[in-house]
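Asker: Need a 3D model of the following:
(one chain, ligands or ions: 1)
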Amino acid sequence: MSGASTGLGAATTRTLAERGFHVLAGVRREQDGERLRQAGAEPVNLDVTHAEDIARLAARIDASGKPLRAVVNNAGLAANAPVETLPLEDWRAVFDVNVFGAVALTQALLPALHRSSGRVVNITSIGGKVAMPAFGAYSGSKFALEAISDSLRQELAPHGVQVVIVEPGGMRTEMGSRGTSAAEGQLERMTPRQRDLYGETMSAFLGYAAALDRTGITADEAARTVMTAITAARPRTRYTIGREAALLSRLIRFVSDRTLDRMITRTLRSQTMDTAAATA
Ligand SMILES: NC(=O)c1ccc[n+]([C@@H]2O[C@H](COP(=O)([O-])OP(=O)(O)OC[C@H]3O[C@@H](n4cnc5c(N)ncnc54)[C@H](OP(=O)(O)O)[C@@H]3O)[C@@H](O)[C@H]2O)c1
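Answerer: Residues are numbered from 1 along each chain as shown. Below is the predicted model of the structure:
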């Protein structure tokens, strides 16, 4: 499990450990590892952008001789700002974690998964199906992970390794506060011209993020779906998490791009106003 320190990764790790699974819980800080050890998991030092962490984990799994049931690519990073203003280094950071980190971990653990007929569970997002303003980098990375997962599923099907995609909608996790403070930083660093152009887009994003913090589903609820993706004997190719993700993933099959754009604009506007009312 990558990204086990907080949110969905921590909740799924706890649930798995409670049910008696041996979870190698990827963390980047000792205190996060200690909490997970107390919950019954085995913490491992794992930054998915560090090749040496990944190699060490693969060697640890090989040396154990135990079958590897699943690799869960859950680590994720958000950077929300318009395409024109988000610095390239932030684009790279998002893709390094959400795309290349997941690919690197999967490549390293696939030999073990082939031996055990295990599975790859990739946590994407409904943002990997629908892209809103200020979500270019994040959605771009999640669309990419969706496509990579679709290719991988077909490549591995003849070899008995399954690939399952999990698409959460809004969850109440640390990603909200992390995303909000990063977006506030982006807004502060904008030039006056950029703020004129995109100030409203950023307020709409901040309103949306605040609304999610009130209405999103909890990590513990969401972890149930990830458990199903890991343990179902015949898993579906993809699962959504939450009502918003279930609705949107169906809706996009029937509405035109421009209709969807209008619906997103209306939603963002109403959530900005809701936030103003809630904080007044
Ligand atoms: N929250 C939502 O509304 C939402 C919606 C759709 C999809 N998702 C997806 O669900 C997954 C879990 O997110 P969450 O909501 O639980 O957010 P979260 O609480 O912020 O968790 C993100 C996790 O990713 C880890 N991470 C970040 N960079 C990493 C790196 N370089 N190497 C290893 N781990 C790294 C973080 O570790 P540190 O604590 O060490 O930084 C943390 O454990 C992500 O893939 C996210 O994109 C979330």
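Asker: Would you mind listing what in the stretch 51-200 of the chain touches the ligand?
Answerer: By the rule C-beta under 6 Å from any ligand atom, the part of the stretch 51-200 of the chain lying against the ligand is 74-77, 97, 101, 123, 125, 168, 170-171, 173-175, 178. Just so you know, the C-beta spots here come from the backbone N, C-alpha and C atoms, and that holds for glycine as well.
Asker: what's the spacing between the closest residue to Arg236 other than its chain neighbours and Arg56?
Answerer: Spatial nearest neighbour of Arg236, excluding adjacent residues (C-beta to C-beta, 6 or more residues apart in numbering): Val164 at 7.2 Å. Taking C-beta to C-beta, to the nearest Å as the measure, Val164 falls 26 Å from Arg56.
Asker: State whether the residue nearest to Arg236 is indeed within a helix.
Answerer: No. Val164 is assigned strand when assessed by DSSP: H, G, I helix; E, B strand; the rest coil, not a helix.
Asker: Run a quick neighbour tally on it.
Answerer: Using other C-beta atoms under 10 Å, Val164 has 23 other residues around it.
Asker: I'd say it and Val121 touch.
Answerer: Yes. With contact defined as C-beta atoms under 8 Å, Val164 reaches Val121; the gap is 4.9 Å.
Asker: hey, what's in contact with both of those two?
Answerer: Common neighbours of Val164 and Val121, counting by C-beta atoms under 8 Å, 6 or more residues apart in numbering, are 229-230.
Asker: wait, what's in contact with the residue nearest to Arg236?
Answerer: Listed by C-beta under 8 Å, 6+ apart, the contact set of Val164 reads 119-122, 229-230, 235-239.
Asker: What is the burial count for Ala59?
Answerer: 11.
Asker: ok, now how distant is it from Ala112?
Answerer: 10 Å.
Asker: ditto for Pro235
Answerer: Taken as C-beta to C-beta, the span from Pro235 to Ala112 is 19 Å.
Asker: what does Asp213 give?
Answerer: On the measure of C-beta to C-beta, Asp213 and Ala112 end up 38 Å apart.
Asker: And the closest residue to Thr215 other than its chain neighbours, its phi and psi?
Answerer: Spatial nearest neighbour of Thr215, chain neighbours left out: Gly170 (6.9 Å); criterion: C-beta to C-beta, 6+ apart. With angles defined as degrees, to the nearest 10, Gly170 sits at phi -60, psi 130.
Asker: hang on, Gly170 packs against Gly216?
Answerer: Yes. At 3.8 Å, Gly170 counts as touching Gly216 under the criterion of C-beta under 8 Å.
Asker: neighbour-wise, which of the two wins?
Answerer: In terms of neighbours (other C-beta under 10 Å), Gly170 is the more surrounded of Gly170 and Gly216; the figures are 24 against 21.
Asker: For that one, give me its contacts.
Answerer: The contact partners of Gly170, taken as C-beta under 8 Å, 6+ apart, are 212, 215-217, 242, 244.
Asker: Kindly report the same for Ala245.
Answerer: With contacts defined as C-beta under 8 Å, 6+ apart, Ala245 is in contact with 126, 167-169.
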